[in-house]
Each structure stands twice: as structure tokens, then as C-alpha cells.
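>>> No letters, just coordinates:
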């Protein structure tokens, strides 16, 4: 029994001497747990033996502390004198690389505990620097991987079969707040003396995924535009393969898009007798030669032939080389058949004239009369041909206008049904609630609902006024009627009208309002322009954001800037901003008709002015108005 005790004590002493050269962290643990060391040395004997062992351990522990302090002071003094540290230059360089890396670097042991996590990794997962070390790597994974990860490690340690080590792959990471995000994870094994560690490099893919999604949506939108076109649109790659075929092309060929993509265009759609000719035209296009127009037959799904008139362009790759051709084709079969019928009729007519001339050679008078009649008939037929061509063009223009009208009608019905339904529902629900409030003490509730009804009615009135203004502008019934008025009084009146629209914390700042400035402009149009642009700034800005209106007279023009810090307009949609019924996708959930800016643009044009804007998504929008000043006419 005592021999076993002496052995245990010897082990503890050797362990303490070894700890002399270790970090302060180990000394701190030993200082806190001396009794645990004693219990390890002699766990089963009585209190007397335990006390003796404890005294021995404490004595050696104090000797060890004294030696460690002396060693620490001497080492510190040596470092100050010589400038040397325990870390080599290579270690410092490696540590600097890890600490400043933009990607996350995480190292774990065989037990799955995080031994190292650089600042980028901690920030990526929502932790503070150093907070991840000592935690299980499972907390950075969503279920079910977090529960199975330890099993993955143990299986690899026992079998040596790597499934994910040395392979980069996309996985989902879990932040401290529970949020999941996509990332690329690359894992490598780092063997050390006596153990193995695993190091993972993590790259955040959130921005990349958002860009990929945006590109996918843009591609789908472009595909929809191509599909609604009543023309064949086909893109052909350098190996004659179909890279793009819109709905009209698929309909004529009798194939789904997926069936057509990748097939050889000439073998699939071009009849055999002129296939080589079309291939030679394609090769000339791929060499950069301009062939703007040509016609050829294609085979339909029923085996018939359709004559197509093609317009062509070439596409370039990132390196500037020609990567494909894109062609737009119109079916002119019916048109060509009509032309052929006319030509045939003319040929038959000429034959009849010749036959009639031979038969009536002796009757000169009758021949002259017949020739006159035939010439008249020819003129009529040629006039008919010209009329047919003219009508065909008119029909094409009318068809395009009908498509535009149909689209506007559809957008109007959709917008009107949405914009009318909300205020009407509010009016109906408030009216029902007012009927339920019959007691005198419920007067406040009745007033609140009558206020909602008035607000909804005002909203409907504004929508109807927009429709009325647009209708009058379309009919040309509105003309500029300038009058003389004071600019400062005008701006104060507009400010009073929009004051009720301001959200909590919003402030409207007018700058450049000098007293005594007189303008000679259409006051009502200018008021509508100011009200629309200021109400838009209020509506599309968050509560607490300031709105600025800066006015000045310069070089014979009234120049006004309307500046907000609102949601901004997506860059790809800015070109459509003044189009009727247009609403940017980030404003679809905000009430509006899409007519205001179209009406503003028409008013500015009537006043012979100009308006333009600048906008950055998430930062705000600035509209710049410039109107020429006209002096008032002086009566004689």
C-alpha cells in the first residue's frame, strides 16, 4: 500500500517539475486544485495518510512556484536585453497571416474542440475574437450535421477513409444568433507530434448566392420578354448547336425548349436542299461578315415549310471573339404567297393580252380599245398591290398599338383593382364598426373610424385625379397658363399641404426662399409638380429621415432640387421611371398608381422645362427641376 502511495507521489512531483517550463495557465490551474492532486495520489486511505501527503505536496508546490517565478524573471530580463522572443520570425509571420486573413480559419482537435479561430472566422459566425476557442465545432453547424459531426471524426480516425478532407464543398454555416448562411468549406488534416488536428478554411458565399439569384431572375425575365415576341428568336453556337430558342420558335418546330437546346439547328430545322447554303451563311457570320438580311425555309412540326425573313447579329465572348449568332425571324409565308399570286395573275394577264392581240390583229380599232382597257386593268392591279403593301404596314402598326393598348389596359386593371380595393375595404370595415359603436362614450372610436374613411376617400380622390389629369393630358386639353406669384408664399403653401403627410421624425427643409421673388409661371402645374415630388420623398423615406427642397434663380431659370434619403431606385429600373403605371420592384408594397412621375414629366414638358434625377439604392433619390422664366406681359 505505501509503495503504491510513494509511486503516486513521485508521479505528481515529476509532473510538477515538468510543469515548471509550461505556461502560466497551467500554474494557475495547479494553484487552484492542490487537493485534487492529493486525492489522485492517495484516494482510498484514511484522513491521517491524506494529511501527510497533502503537506508533502504543498511543500513541493511552493518550491515549484518559487523556481517558476525566478525562471520567469530571468527569461523576461534576457528578452529585454537581447530582444529575442520564444517565437521565431516564421511563427510571427504565420500568425500575422492567420490574424489578417479575410477568410475564416478554424483548427480543431480530434475531440472536435476548437483550438484556433482567427478574427475573420469569429466575425463570420457572429462571435467575438477568442470566443470560439475551447468550444465544440458542432455549434457552427445546423442540424443534423451538428449531432453527427463527432461520429464523422471518430469514423475517420478509426478507418482512415476521408470523405470531405481535402475536398472543397458548399455547406450551410450557423451563426451565433442561429442564422444560417452559405459558405465554401475546405478541410485539411494537420498531423502534429503525437496527435492530429484538422484545419478548415471558410469563405462566405452569401453575396455570391445573392448575385446568382439576381442573375437567375434577370435571365427568367429576359426569357419571358423573348417568349411574348411574335417572332422566332434563335441563338446558334460555333458548333451549330442551338443555345437559345424562344416560345415562337419552339411552337413552329413542335419541340419543347429543353428538347431543342443543344441540337444542331441546320439538321433540325433547315430542309436538306438548302442546308449547305445556310451553313455557308452561318460560317460567314461567325467570321465577322455582316449579313443583315436573308430568307430561307424551315420545317414545321407537321412537315410543312414556312418562309422566314431573318435579321442577324453576332455575339462576342469575354475575350472579344465571336461566340454565337442571334437571329430574329418573321414568318412571311402568307405575304410571299400573296406576292406570288399577284405575279401569277400578271403573267396570266400578259398571256391573255398576247393571245388577244394575235386574234384581233386585223381589227386595229378593237385592239387599241382593248389595250387601253388592259392598261387600265394593269394600273388598277398595281394600285391594288401598293394598297396591299400599304395596308400590311398599317396593320402591323395597328397590331403593335393594339398590343401596347392591351398591355396598358392589363396594367391599369391590375393597378386599379389593387389601389381601389384597399381604401374601399377600409371604408367598409370602418362603416361596419361605426354601426357597432352606438353608445355615447364610444364617440372617440367613431371619430377614429370616420377619420379613416375620410383618409381613404382622399386617397381615392387622389387616384381619380391622377386618372383625370392623365386623360386630359392625353387629349391635349391642358395648356400652360402662366400667372405672376410670389415664390416664398407659394413654397409655404405647399409646405402646409404636405405637412400632414410627414412620418414621425421627418422634417421638410426649404432652402433659398428669399422674400420678394416674383415668378411668372403656371402656378397650378408648378404646385402639382412640387406636391408630387415632395409626397414621393415622404412616402419612400423612413421615419426620422430629413427631406430637402432647394430653390434658386439662375441664368433665367427656376432651378429646384428635391433630395431625400429614402430607399432609392434600382439602377436597372431607372430608365422606366417616367413610364405610365411603372412601379419599381422595391416599392410594389407601397401604395401608389405609377402615374405621378409620368404626369410630372408631361407638366414639365408643357412648361418647356427639364427634369432629371440621380438615385442610389438604399441611399436616396434627388430630382432636379429646371423651368425657364418668362416675364409677365405688360398691358398697354
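Ah, there it is. Just so it is clear, the structure is predicted and the values come from calculations on it, not from any experiment. Residues are numbered from 1 along each chain as shown.
>>> Point to the residue nearest the middle of the protein.
In the chain, the centroid-proximal residue (Cα atoms, centre = their mean) is residue 214; its distance is 4.3 Å.
>>> where's that one, which helix or strand?
Using DSSP states H and E, residue 214 sits in helix 206-228.
>>> if I look at the residue nearest to the centre of the chain, how far off is residue 206?
From residue 214 across to residue 206, the span is 13 Å (Cβ to Cβ, to the nearest Å). Where C-beta positions appear, they are placed from N, C-alpha and C, glycine not excepted.
>>> still on that earlier bit, after the helix holding residue 214, which helix or strand is next? Please name it.
Following helix 206-228 in sequence, per DSSP H and E, is strand 232-236.
>>> Can you give me the neighbour number for the closest residue in space to residue 307 that isn't next to it in sequence?
Distances taken as Cβ to Cβ, 6 or more residues apart in numbering put residue 333 closest to residue 307, at 4.6 Å, once the chain neighbours are dropped. Using other Cβ atoms under 10 Å, the number of residues around residue 333 comes to 15.
>>> so residue 333 sits right up against residue 304, yeah?
No: the pair residue 333 / residue 304 is not scored as a contact, 9.0 Å apart, by Cβ atoms under 8 Å.
>>> Let me see the ranges of the helices in the stretch 351-500 of the chain.
Using DSSP state H, counting those that start in this stretch, the helices of the stretch 351-500 of the chain run over residues 364-436, 443-474, 487-499.
>>> Least reliable of the ones you listed by average pLDDT, please.
Of all the helices of the stretch 351-500 of the chain, helix 443-474 carries the lowest average pLDDT, namely a mean of 62.
>>> The stretch 501-636 of the chain: strands as residue ranges?
Applying DSSP state E, counting those that start in this stretch to the stretch 501-636 of the chain gives strands spanning 507-511, 518-521, 546-554, 557-564, 610-616, 620-628.
>>> want to throw these into CSV with mean pLDDT?
Formatted as CSV, the strands of the stretch 501-636 of the chain follow (pLDDT from 0 to 100):
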stretch, mean pLDDT
strand 507-511, 88
strand 518-521, 89
strand 546-554, 91
strand 557-564, 93
strand 610-616, 93
strand 620-628, 93
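>>> Residue 608 and residue 628 touch, don't they?
Yes: contact criterion Cβ under 8 Å: residue 608 and residue 628 qualify, at 5.7 Å.
>>> Tell me which of the two has more neighbours.
Higher neighbour count among residue 608 and residue 628: residue 628, with 13 against 10, using other Cβ under 10 Å.
>>> partners of the more buried one in the sheet?
residue 557 (DSSP bridges).
>>> And it, how close does it get to residue 598?
For residue 628, the distance to residue 598 - Cβ to Cβ - is 22 Å.
>>> How about residue 555?
28 Å.
>>> Between these two, which has more neighbouring residues?
residue 598 (20 against 8).
>>> what's near enough to touch that one?
470, 578, 579, 580, 582 (Cβ atoms under 8 Å, 6 or more residues apart in numbering).
>>> Those into a markdown table, with extra columns for distance to residue 345 and neighbour count?
Listed next are the contacts of residue 598 as a markdown table, based on distance: Cβ to Cβ, whole Å; neighbours: other Cβ atoms under 10 Å:
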| residue | distance to residue 345 | neighbour count |
| --- | --- | --- |
| 470 | 50 | 17 |
| 578 | 51 | 17 |
| 579 | 47 | 15 |
| 580 | 47 | 17 |
| 582 | 50 | 15 |
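>>> Out of those, which comes closest to residue 491?
residue 578 (24.3 Å; Cβ to Cβ).
>>> Low-confidence ranges, the stretch 151-300 of the chain, go.
Low-confidence segments of the stretch 151-300 of the chain (pLDDT under 70): 162-163, 222-229.
>>> And the protein, what are its domain boundaries?
With domains defined by automatic domain parsing, the chain comprises 2-82, 98-204, 218-331, 336-413, 424-470, 479-628.
>>> And those: which comes nearest residue 210?
domain 98-204 (9.8 Å).
>>> rewinding a little: compute the distance between the residue nearest to residue 307 and residue 295, please.
10 Å.
>>> Now list whatever residues contact both of those two.
Joint contacts of residue 333 and residue 295 (Cβ under 8 Å, 6+ apart) are residue 307.
>>> Give the burial count for residue 147, as a bare number.
10.
>>> quick one, what contacts it?
So residue 147 contacts residue 138 (Cβ under 8 Å, 6+ apart).
>>> Please identify the helix or strand for it.
Using DSSP H and E, residue 147 falls in helix 145-159.
>>> my guess is residue 434 meets residue 443, correct?
No: Residue 434 lies out of contact with residue 443 (Cβ under 8 Å); the separation is 10.7 Å.
>>> from what I can see residue 296 touches residue 270, true?
Yes: shown here, residue 296 and residue 270 form a contact pair, counting by Cβ under 8 Å, at 7.0 Å.
>>> Now for those two: what residues contact both?
Joint contacts of residue 296 and residue 270 (Cβ under 8 Å, 6+ apart) are residue 278.
>>> And for residue 167, the neighbour number?
Counted with other Cβ under 10 Å, residue 167 comes out at 11.
>>> measure it to residue 335 for me?
Taken as Cβ to Cβ, the span from residue 167 to residue 335 is 60 Å.
>>> Columns distance to residue 89 on top of the domains of the chain, output as TSV?
Output for these, formatted as TSV (distance: least, Cβ to Cβ, whole Å):
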stretch	distance to residue 89
domain 2-82	15
domain 98-204	15
domain 218-331	43
domain 336-413	69
domain 424-470	72
domain 479-628	45
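>>> pLDDT wise, what is the residue of the chain most remote from its centre at?
Within the chain, the residue lying farthest from the chain centre (Cα atoms, centre = their mean) is residue 362, at 84.6 Å. Note on residue 362: pLDDT of 75.
>>> ok, now which ones touch it?
So residue 362 contacts nothing (Cβ under 8 Å, 6+ apart).
>>> phi, psi of it?
Taking degrees, to the nearest 10, you get phi -80, psi -20 for the backbone angles of residue 362.
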